[in-house]
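> Here is my input; please provide its structure:
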Amino acid sequence: MSTTILAIESSCDETSASVCCDGKILSNYIANQKVHEQYGGVVPELASRAHMQNIVPVVDVALKQAGISIDNIDAFAFTQSPGLIGSLLVGSQFAKSLAFARAKPLIAVHHMQAHVLANLIPDEKPSFPFLCLTVSGGHTQIVVANSSFDLKVIGETLDDAAGEAFDKSAKLLGLPYPGGPLIDKYAKDGNPSRFTFAEPQIPGLDFSFSGLKTSILYFLQKEVKNNENFVAENLADLCASIQERIITILLKKLKKAALQTGITQLCIAGGVSANSSLRKAFAEMCEQNNWKSFIPPFEYCTDNAAMIAITAYYKFLHGDSTPLSVSASARASWE
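As a prediction, this is how the structure comes out:
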């Protein structure tokens with residue numbers, strides 16, 4: 001007997017819906033919100049309003065693309081945490097209403113757990129246990145996945161996330177929001193060894209990016225004082241050098257985790273895992289150490305409902321369901 005799940009993701013500024021049948025993603029539709037670009041970042045109130053406008057048509061498109069009637073949905077899933085509370089509430093209330101109206105199971109999913117399990121969507125997937133470096137705008141973690149329901153964080157950022165380091169560095173360079181993808185773009189034409197930035201000396205497997213951001217700020221202030229056109233004249237090299245340092249910090253910790261745990265199946269996930277240089281460096285590191293590398297397709301790296309759907313599918317198989325009284329939470333733990 002097949003299991004078909006409709007999942008909704010609304011943690012930040014993408015409204016997404018996905019249909020999953022027996023672990024296969026049949027649709028993954030995403031509506032992006034352009035309204036935030038003029039403000040240099042996501043405006044929570046505007047995000048929640050846009051989710052309310054988008055959610056019905058997005059779910060409708062996802063069902064049509066999958067060729068599935070809502071009558072054939074066996075369970076409804078949604079992102080419970082973490083995220084912007086107004087955005088989360090739109091998705092959670094919609095999914096709860098569908099589950100209640102159709103008397104079907106409800107499955108709450110943690111956003112960061114879903115990023116890790118996005119690696120289980122492709123046909124070529126890691127076997128358990130595997131290590132996952134999860135890098136996004138709000139989180140940077142190293143996770144041991146012993147099974148789909150046994151995930152343990154063994155390293156995380158002590159302050160800012162890698163995605164924040166990319167975006168805030170881009171802002172210092174005068175690049176528009178979202179700046180992370182633009183750093184990746186300009187870095188392709190730059191020399192990553194041209195400029196050297198501080199590498200935090202954090203013990204264990206934890207990360208810190210606040211010191212790096214400060215060193216970039218002071219460096220740019222000093223250089224611009226001497227040459228007001230410094231950034232424009234050296235943009236590609238600056239982007240390449242900043243990106244190189246962030247990637248080095250990330251992969252050094254991941255390599256350390258692999259050596260400590262002895263796990264040879266390695267994955268990356270999260271929005272920053274769409275960065276082309278990180279993907280390349282990660283694959284090269286794994287090849288040099290005879291480790292197996294797994295990288296989700298781009299569409300499953302940024303926020304999307306397919307990762308919510310695949311996580312809900314495995315939770316469903318494990319017998320997990322969520323009471324209708326569940327509430328969305330901006331910062332709930334997933335361990």
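
> low-confidence ranges in the stretch 151-300 of the chain?
Residues of the stretch 151-300 of the chain that meet the criterion pLDDT under 70 are absent altogether.

> if you go through it in chain order, where are the strands?
Under the criterion DSSP state E, counting those that start in this stretch, the stretch 151-300 of the chain carries strands at the ranges 265-269, 292-294.

> which one of these is the most hemmed in?
Between the strands of the stretch 151-300 of the chain, strand 265-269 has the highest mean count of neighbours, a mean of 26, where neighbours are mean count of other C-beta atoms under 10 Å. Just so you know, the C-beta spots here come from the backbone N, C-alpha and C atoms, and that holds for glycine as well.

> coming back round to it: reformat the strands of the stretch 151-300 of the chain as TSV; add distance to residue 29.
Written out in TSV, the entries for the strands of the stretch 151-300 of the chain read as follows (distance: least, C-beta to C-beta, whole Å):
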stretch	distance to residue 29
strand 265-269	20
strand 292-294	24
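
> Tell me which of these sits nearest to residue 132.
Closest to residue 132 of the strands of the stretch 151-300 of the chain, according to C-beta to C-beta: strand 265-269, at 4.3 Å.

> and the closest one, how far from the chain's centre?
Distance, stretch centre to chain centre, for strand 265-269: 13 Å (C-alpha atoms, centre = their mean, to the nearest Å).

> next one: stretch 43-53
Relative to its parent chain, stretch 43-53 has a centroid offset of 20 Å by C-alpha atoms, centre = their mean.

> Stretch 162-175 now?
Counting by C-alpha atoms, centre = their mean, stretch 162-175 comes out at 17 Å from the chain centroid.

> Buried residues, it. List them.
162, 163, 164, 165, 166, 167, 168, 169, 170, 172, 173, 175 (16 or more other C-beta atoms under 10 Å).

> just those now: which is nearest residue 234?
Checking the buried residues of stretch 162-175 against residue 234 by C-beta to C-beta gives residue 173 as the nearest, at 9.7 Å.

> what's the burial count for residue 151?
A count of nearby residues for residue 151, using other C-beta atoms under 10 Å, gives 21.

> on that earlier part again, with the buried residues of stretch 162-175 in mind, which one is nearest to residue 25?
Residue 25 has its nearest neighbour among these in residue 163, at 24.0 Å by C-beta to C-beta.

> Cross-check the contact I'm expecting between the closest one and residue 181.
No. Counting by C-beta atoms under 8 Å, residue 163 does not reach residue 181; the two are 10.7 Å apart.

> what's the pLDDT at residue 119?
The model reports residue 119 with a pLDDT of 97.

> Next, residue 133: secondary structure please.
When the structure is reduced to helix, strand and coil (DSSP: H, G, I helix; E, B strand; the rest coil), residue 133 reads as strand.

> actually residue 329, not the one I wrote
At residue 329 the chain is in coil, as set by three-state DSSP.

> List the residues that contact residue 238.
173, 190, 194, 195, 231 (C-beta atoms under 8 Å, 6 or more residues apart in numbering).
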